[in-house]
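S.K.: Here is a sequence with its predicted model. Questions after.
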Amino acid sequence: MKDAIVIIPTFNEIENIEAIIRTTFGLNKAFDILVVDDNSPDLTGLKVKELQKEFKDQLFLETRREKSGLGTAYIHGFNWCLDRDYNYIFEMDADFSHNPNDLERLYNACHIDGADMSIGSRYVKGVNVVNWPMSRVLLSYMASIYVRVITGMKIHDTTAGFVCYKRSVLERIDLDKIKFVGYAFQIEMKFKAYLRRFKIIEVPVIFTDRTKGESKLSGGIISEAIFGVITMKIKSLLGRE
C-alpha cells in the first residue's frame, strides 16, 4: 500500500477514465487510485473493473447506486481511505482539468513543506484557466472573492477541487456533518480546515477545461454555493460550526 491515494469521482466519464488512470500510474511518485463511480450509464465503472486486472492492489472501485452529488462521493471516498493506512488523500477530477503531473507538487507541499492541506490553485498567481468562456472565468473568480470576503479565509481559490489532505485533517473534521454536495462542498471543507487552524498552502496550477464528456455544473450547484456560504459563516459565529 502506498502512502498516498487519489480519489476520482465519476459519472459518465468513459471517455476520460482510462487515460487519467494510466497517466497517474505513470508518474514517478507512486499513488493508489480510488474511483467512486455513481453507477454511470456509460459503464465507466465496468472499464475501471477491467483496468483493475492490470493494476492489482493499486486501483480500487467503489460503486454507488445512483448519482448523489460530488460532496457525498468524496465523503464516501474519504471514509474508505481513512479505514486504511493512507497518510495523504487527494481529490482530483477525471476529465484532465486537473493535470495529474501536479499531484507530485501537491504531495510535496504537504510531505516536504509542512502543509496540512495543499490546494491546486487557479488564482493564487493571476488567473490560470484555459478553454473557459470569459463569463465562466469571471463567475468562478468572483465567487472565490465573494467567499473570501464572507468567510475571512486567506485562500485565493476557494472552490478548487484539486486538493491534498493530510490524514489528520480529515480525522479532525466531522465528515458526517458536511452539508453541501456541489461546489459548496469544496468551500465547506476548506472552511472547516481553516477554522481548525490547519496550515493551508496554495500551489499554482493551470486549469484546463475538459475536452471530452460533459460538465456537471448546474444552476442549483451555483445557488448552493452562493447562499450556503452565508449560512456556514453565521453558524460559525454562533458556535454551531
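M.R.: Okay, I see it.

S.K.: Show me which positions of the helix or strand where Ile89 lies end up buried.
M.R.: Element membership of Ile89 [criterion: DSSP states H and E] is strand 88-91. For strand 88-91, the neighbour count (16 or more other Cβ atoms under 10 Å) marks Tyr88, Ile89, Phe90, Glu91 as buried. Using the backbone N, CA and C atoms, a C-beta is placed for each residue, glycine as well.

S.K.: which residues sit in contact with the third one?
M.R.: What it means is Phe90. Ala4, Ile5, Val6, Ile7, Phe31, Leu103, Leu106, Tyr107, Val163, Cys164, Tyr165 (Cβ atoms under 8 Å, 6 or more residues apart in numbering).

S.K.: One more: Val130?
M.R.: Counted by Cβ under 8 Å, 6+ apart, Val130 has contacts Ile206, Phe207, Thr208, Asp209.

S.K.: Most widely separated two among the buried residues of strand 88-91?
M.R.: Farthest apart among the buried residues of strand 88-91 by Cβ to Cβ are Tyr88 and Glu91. That separation is 11.4 Å.

S.K.: Which neighbours do those two have in common?
M.R.: The contact lists of Tyr88 and Glu91 share Tyr165, where a contact means Cβ under 8 Å, 6+ apart.

S.K.: what about the closest residue to Asn101 other than its chain neighbours, which SS state?
M.R.: Of all residues not flanking Asn101 in the chain, Leu27 sits nearest, at 7.0 Å (Cβ to Cβ, 6 or more residues apart in numbering). Following DSSP: H, G, I helix; E, B strand; the rest coil, Leu27 is assigned to coil.

S.K.: Ile201 too?
M.R.: Assigned state for Ile201: strand (three-state reduction, three-state DSSP).

S.K.: got the contact list for it?
M.R.: If you count contacts by Cβ under 8 Å, 6+ apart, Ile201 has them with Ala109, Cys110, Asp113, Ala115, Met117, Ser118, Ile119.

S.K.: That one and Thr151, how far apart?
M.R.: Ile201 sits 18 Å away from Thr151, going by Cβ to Cβ, to the nearest Å.

S.K.: From what I see, Tyr141 and Val127 are in contact.
M.R.: Yes: Tyr141 is in contact with Val127 according to Cβ atoms under 8 Å; the separation is 6.1 Å.

S.K.: Residues in a beta bridge with Val203, which ones?
M.R.: For Val203, the beta-bridge partners under DSSP bridges are Gly120.

S.K.: excluding its backbone neighbours, what's nearest Asn131?
M.R.: Asp209 (3.9 Å).

S.K.: Could I get the pLDDT score of the one you found?
M.R.: For Asp209, the pLDDT comes out at 85.

S.K.: Met1 now?
M.R.: So Met1 comes in at 65 (pLDDT).

S.K.: And Gly213, by the same measure?
M.R.: Gly213 is assigned a predicted lDDT (pLDDT) of 58.

S.K.: And the one 10 residues further on, by the same measure?
M.R.: With respect to pLDDT, Ser223 scores 66.
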